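Colleague: here are the coordinates; sequence isn't available:
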């Protein structure tokens, strides 16, 4: 899936018409800085690719010390950057936001995957489409870095017949067969609310049956009934799944999906600290390039703002 929103868009969103604080402090001049990004808690690192791209867009040199997906401990230095003060300070918050958000999701996902696989090595922990608008690509990528299943990125990825669809065609078996009869070759999943409908869906040829809001005992009985009816049909449990109760479902599920992976993950804690001010001729050239880049982005935002103002008028 293509990215929802470009890295440059995120930089522009934060930069606006320019970093007035840094610009007023430095004026037309600039300084060369070296800085380090440090983790302040144990986590699964994610978003480093995006953070690196942020700084490179601003003509700042980057040295990575770890890879996305690595499990790191509190105090780990993950990246150093060197270049224009204006470039580094313009990219600082955007880069950290990517890392904090994505690392939080990857960390929670990895924790749940490990927990469930102790009971059922084959089970997959999946995300949903309950994501931040414009940020789905990055949140789903973080789930994958945490060893989770991304599930559907978009509505065109696969068929998933939910309760509101069944208001249009109340019969579970007819709904599945109708989709299959069109020649559609992708996966067909259907949401059910009791074991009888789960078996009906499996017999109709559903590739995946989603058990929605089942309590653990009912989910286990429905899982066994589906496997007796059609062994190749996968069983997904969803609805009301939390870190506290997920193990109660792990033995009797092929897939466990929960929106909390993306909508409720706690951000990991990272910070950027300046280590030193660097002065040399090469640094001056790098500063000039970065200053021109930041100024160009600021000018783009100013022109866009004027266009929107005239449009409203």
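Modeller: Cool, got the structure. These numbers were taken from a predicted model, which means no experiment stands behind them. Numbers count the residues shown, from 1 in each chain.
Colleague: Strands along this structure, start to end?
Modeller: Ranges of strands in the chain, per DSSP state E, are 32-39, 43-44, 61-64, 71-72, 77-84, 124-126, 159-161, 188-192, 208-212, 234-238, 255-257, 270-278.
Colleague: quick one: the longest one to chain centroid distance?
Modeller: Here the centre of mass of C-alpha atoms in strand 270-278, compared against the chain's by Cα atoms, centre = their mean, to the nearest Å, lies 27 Å away.
Colleague: Identify all contacting residues around that strand.
Modeller: The set of residues external to strand 270-278 that reach it, using Cβ atoms under 8 Å, 6 or more residues apart in numbering, is 31-40, 78, 80-82, 88, 92, 95-96, 99-100, 103. All C-beta atoms are positioned from the backbone trio N, CA, C, and that covers glycine.
Colleague: quick revisit: determine which of the strands of the chain approaches residue 149 most closely.
Modeller: strand 124-126 (3.9 Å; Cβ to Cβ).
Colleague: which helices and strands sit right next to the closest one?
Modeller: helix 85-119, strand 255-257 (3 or more Cβ pairs under 8 Å, 6 or more residues apart in numbering; DSSP states H and E).
Colleague: Quick check: which ranges of the stretch 201-313 of the chain have low pLDDT?
Modeller: Low-confidence regions of the stretch 201-313 of the chain, defined by pLDDT under 70, span residues 280-288, 291, 302-313.
Colleague: ok, the spatially most central residue of the chain to residue 96 distance?
Modeller: Centroid check for the chain by Cα atoms, centre = their mean gives residue 139 as the closest residue, at 0.7 Å. Distance, residue 139 to residue 96, by Cβ to Cβ, to the nearest Å: 16 Å.
Colleague: Residue 220 now?
Modeller: Residue 220 is 43 Å from residue 96, by Cβ to Cβ.
Colleague: now residue 297
Modeller: For residue 297, the distance to residue 96 (Cβ to Cβ) stands at 18 Å.
Colleague: go on, residue 243?
Modeller: Taking Cβ to Cβ, one finds residue 243 at 25 Å from residue 96.
Colleague: Next: residue 138.
Modeller: Per Cβ to Cβ, residue 138 is found 14 Å from residue 96.
Colleague: Specify which residue of the two has the higher count of neighbours.
Modeller: Neighbour count, other Cβ atoms under 10 Å: between residue 138 and residue 96, residue 138 has more, with 24 against 19.
Colleague: The more buried one reaches residue 50, doesn't it?
Modeller: Yes. Between residue 138 and residue 50 there is a contact under Cβ atoms under 8 Å: 6.6 Å.
Colleague: Quick check: neighbours shared by those two?
Modeller: Contact criterion Cβ under 8 Å, 6+ apart; residues shared by residue 138 and residue 50: 98, 102.
Colleague: Give me the buried stretch members for stretch 102-119, please.
Modeller: Judged by neighbour count (16 or more other Cβ atoms under 10 Å), stretch 102-119 contains these buried residues: 102, 103, 104, 105, 106, 107, 108, 109, 110, 112, 113, 116.
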